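1. how would this look folded up:
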Amino acid sequence: MEKAIASYVEQDCTFEHAGRKFEAGGAVVTDKFITAYLKAMCSWSSHEHSGILTDWHGKQIGTYRVLSSWPIHSFITDRMYSVECFVNGVRYVGRSAGAGMAINAKRSPKQ
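-> The predicted model follows:
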């Protein structure tokens with residue numbers, strides 16, 4: 001039986017810059033997917049990466065571990081990371097550009 005989790009949609013992700021207000025999407029957690037942010041726990045120069053999964057405000061909502069990475073050609077980063085995330089004991093898998101960046105991940109059939 002699948003573990004059910006309560007949905008979470010982060011609110012009030014606005015900031016002001018040069019007199020203008022901007023709104024970020026914030027974190028989202030559902031039974032099917034998550035959108036969250038990777039906070040580094042160790043040096044990203046090592047091969048093993050793990051850390052805290054946060055919402056836009058920096059509050060911990062789970063943990064993550066990098067499964068693999070590969071080189072890419074992008075102005076944002078030179079690597080893409082395959083990441084597993086755990087929120088409320090549920091495993092999600094997705095890709096991210098690394099620490100400080102967002103991750104969109106689907107609920108893994110392998111729990």
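2. measure the residue located most distally from the centre of the chain to Gly94 for me?
-> Centroid-distance maximum for the chain: Gly19 at 29.1 Å, with C-alpha atoms, centre = their mean. According to C-beta to C-beta, to the nearest Å, Gly19 and Gly94 sit 36 Å apart. C-beta here means a position set from N, CA and C on the backbone, and glycine is covered the same way.
3. Thr54 too?
-> 15 Å.
4. and what of Lys106?
-> Taking C-beta to C-beta, one finds Lys106 at 6 Å from Gly94.
5. what's next to the longest strand along the chain, contact-wise?
-> Counting by DSSP state E, the longest strand found in the chain is strand 60-71. Strand 60-71 has contacts (C-beta atoms under 8 Å, 6 or more residues apart in numbering) with 8, 27, 29, 34, 36, 38, 48-55, 78-88, 93, 103.
6. For PyMOL, what selects the buried ones among the residues you listed?
-> Remark: buried members of the contacts of strand 60-71, expressed as a PyMOL selection using 16 or more other C-beta atoms under 10 Å:
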select buried, resi 8+27+29+34+36+38+49+51+52+53+54+55+80+81+83+84+85+86+87+93+103
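7. Just the ones in strands from the contacts of strand 60-71, please.
-> Filtering those for strands - DSSP E - leaves 8, 29, 34, 36, 38, 50-54, 79-87, 93, 103.
8. I'd assumed Met101 was in contact with Ser74.
-> No. Contact criterion C-beta atoms under 8 Å: Ser74 and Met101 do not qualify, at 11.2 Å.
9. for this protein, which spans come out with low pLDDT?
-> 1-6, 13, 41-48 (pLDDT under 70).
10. Okay, Thr54 and Pro71: tell me how far apart.
-> Taking C-beta to C-beta, one finds Thr54 at 26 Å from Pro71.
11. same deal with Tyr8?
-> The separation that Tyr8 has from Pro71, given C-beta to C-beta, amounts to 34 Å.
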